[in-house]
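Chemist: No letters, just coordinates:
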């Protein structure tokens, strides 16, 4: 009964802020999701085979299910959903079933306004159900990409670090290799080259792991043409590690980033996509900015945030402008959203 009352209070807040109910499908084509979005959901999916042999899964993520619904209509949407997500987890004591209430703004180009709207609505929901000691932490994946693109290192390393930023353990191994200036071994290089030559004979528009064959070949081409070694690995790793240690109040962020840029001889305007972050000062709430936050889900591209009460995470969300294209859209479509985990209320 208590859970029902909390859900109703949250839904009322969503509706008062202009969000309209949408009911994403429970059953999804698992092969389609894996083909379009890569391997990130494969290990967590709960799958089964239909009588016709088609492999289906219970939706592992309500954001992905909502995006697939959006692609059927392809009109700007400001929606909320109430439902369950089903996924395996390697964490002990974690539930297979997560009850969620979430909001998404899909297809709108008012990104700064939309980012604020999502965070503000989730915060109002937390206050509505009278949660105490509310904390907000924020990150921005795009700032890491800005840093990597500004550093003087081979293109293949830039692509590699950005691609695997969401895998902290493997990312750490990459930094160790970069620090020692040890590139991929010869076997891996020639294996990639063999794949490259094979893919050149395939349909250039075929989608593999969210990218067309044409896009993958361009990446391979850069990788092969790039010099195989360079001498600044240790210095670059030190800069990256220093960046990932930034953790400060939002009010101190500009100062910290400017000091970081000056100390490492980087251009002052390297971190220029801060309007959405600065806009959060209007929340009238203490906000912590953490550069190392938001790496758990690969599809985030911009602002990421988490709202917690005490030691429990209440909600998490962020901007994911690339996801709809990976799921079948012809181009990137602006999108931002967040979900409240009812299991933690």
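Modeler: Everything's here; your move. All of these numbers come straight from a predicted model, not from anything done at the bench. Residues are numbered from 1 along each chain as shown.

Chemist: Tell me, how many residues neighbour residue 74?
Modeler: For residue 74, the count of nearby residues is 13 (other Cβ atoms under 10 Å). For every residue, glycine as well, the C-beta is placed using N, CA and C.

Chemist: all helices of the protein, in order?
Modeler: 2-16, 30-37, 62-73, 111-128, 141-150, 155-163, 168-179, 186-199, 213-225, 233-243, 253-263, 275-279, 323-326 (DSSP state H).

Chemist: could I get these as a markdown table with distance to residue 97?
Modeler: Listed next are these as a markdown table, based on distance: least, Cβ to Cβ, whole Å:
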| stretch | distance to residue 97 |
| --- | --- |
| helix 2-16 | 13 |
| helix 30-37 | 18 |
| helix 62-73 | 12 |
| helix 111-128 | 21 |
| helix 141-150 | 28 |
| helix 155-163 | 31 |
| helix 168-179 | 26 |
| helix 186-199 | 39 |
| helix 213-225 | 36 |
| helix 233-243 | 37 |
| helix 253-263 | 37 |
| helix 275-279 | 32 |
| helix 323-326 | 23 |
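
Chemist: quick one: which of these has the weakest pLDDT on average?
Modeler: The minimum mean pLDDT among the helices of the chain belongs to helix 186-199 (a mean of 66).

Chemist: re earlier: which of the helices of the chain sits most buried?
Modeler: helix 323-326 (a mean of 22; mean count of other Cβ atoms under 10 Å).

Chemist: what packs against that one?
Modeler: Applying 3 or more Cβ pairs under 8 Å, 6 or more residues apart in numbering; DSSP states H and E, we find helix 323-326 packed against helix 30-37, helix 62-73.

Chemist: Among those, which comes closest to residue 325?
Modeler: Nearest to residue 325, of all those, is helix 30-37, at 9.1 Å by Cβ to Cβ.

Chemist: and that closest one with helix 62-73, angle?
Modeler: Here helix 30-37 runs at an angle of 90 degrees relative to helix 62-73 (axes from the mean of the first three to the mean of the last three Cα atoms, to 10 degrees).

Chemist: got the contact list for residue 216?
Modeler: Residue 216 makes contact with 199, 208, according to Cβ atoms under 8 Å, 6 or more residues apart in numbering.

Chemist: can you rerun that using 10 Å?
Modeler: 195, 196, 199, 202, 204, 206, 207, 208, 209 (Cβ atoms under 10 Å, 6 or more residues apart in numbering).

Chemist: Distance check, it against residue 158.
Modeler: Remark: distance between residue 216 and residue 158 (Cβ to Cβ, to the nearest Å) = 16 Å.

Chemist: do residue 339 as well
Modeler: Counting by Cβ to Cβ, the gap from residue 339 to residue 158 is 31 Å.

Chemist: cool, and residue 6?
Modeler: Taken as Cβ to Cβ, the span from residue 6 to residue 158 is 45 Å.

Chemist: hang on, the earlier thing: minimum distance to residue 177: which of the helices and strands packed on helix 323-326 has it?
Modeler: helix 30-37 (26.7 Å).

Chemist: Count the neighbours of the residue nearest to residue 22 when sequence neighbours are not counted for me.
Modeler: Sequence neighbours aside, residue 79 is the residue nearest to residue 22 in space, at 3.9 Å (criterion: Cβ to Cβ, 6 or more residues apart in numbering). Residues near residue 79, counting by other Cβ under 10 Å, number 20.

Chemist: got the contact list for residue 79?
Modeler: Residue 79 makes contact with 14, 19-24, 66, 69-70, 102-106, 337, according to Cβ under 10 Å, 6+ apart.

Chemist: Tell me which residue is most central in this protein.
Modeler: Ranked by distance to the mean C-alpha position of the chain (Cα atoms, centre = their mean), the top residue is residue 300 at 1.8 Å.

Chemist: Quick check: residue 115 touching residue 336?
Modeler: Yes. Under the criterion of Cβ atoms under 10 Å, residue 115 makes contact with residue 336 at 5.6 Å.

Chemist: Common neighbours of those two, please.
Modeler: The contact lists of residue 115 and residue 336 share 105, 276, 302, 303, 317, 318, 319, where a contact means Cβ under 10 Å, 6+ apart.

Chemist: who's in contact with the residue lying closest to the third one once chain neighbours are set aside?
Modeler: Ranked by Cβ to Cβ, 6+ apart and with sequence neighbours excluded, the top spatial neighbour of residue 302 is residue 319, at 3.5 Å. With contact taken as Cβ under 10 Å, 6+ apart, residue 319 is in contact with 105, 111, 114-115, 118, 140-142, 276, 294, 299-305, 334-337.

Chemist: Cool, thanks, talk later.
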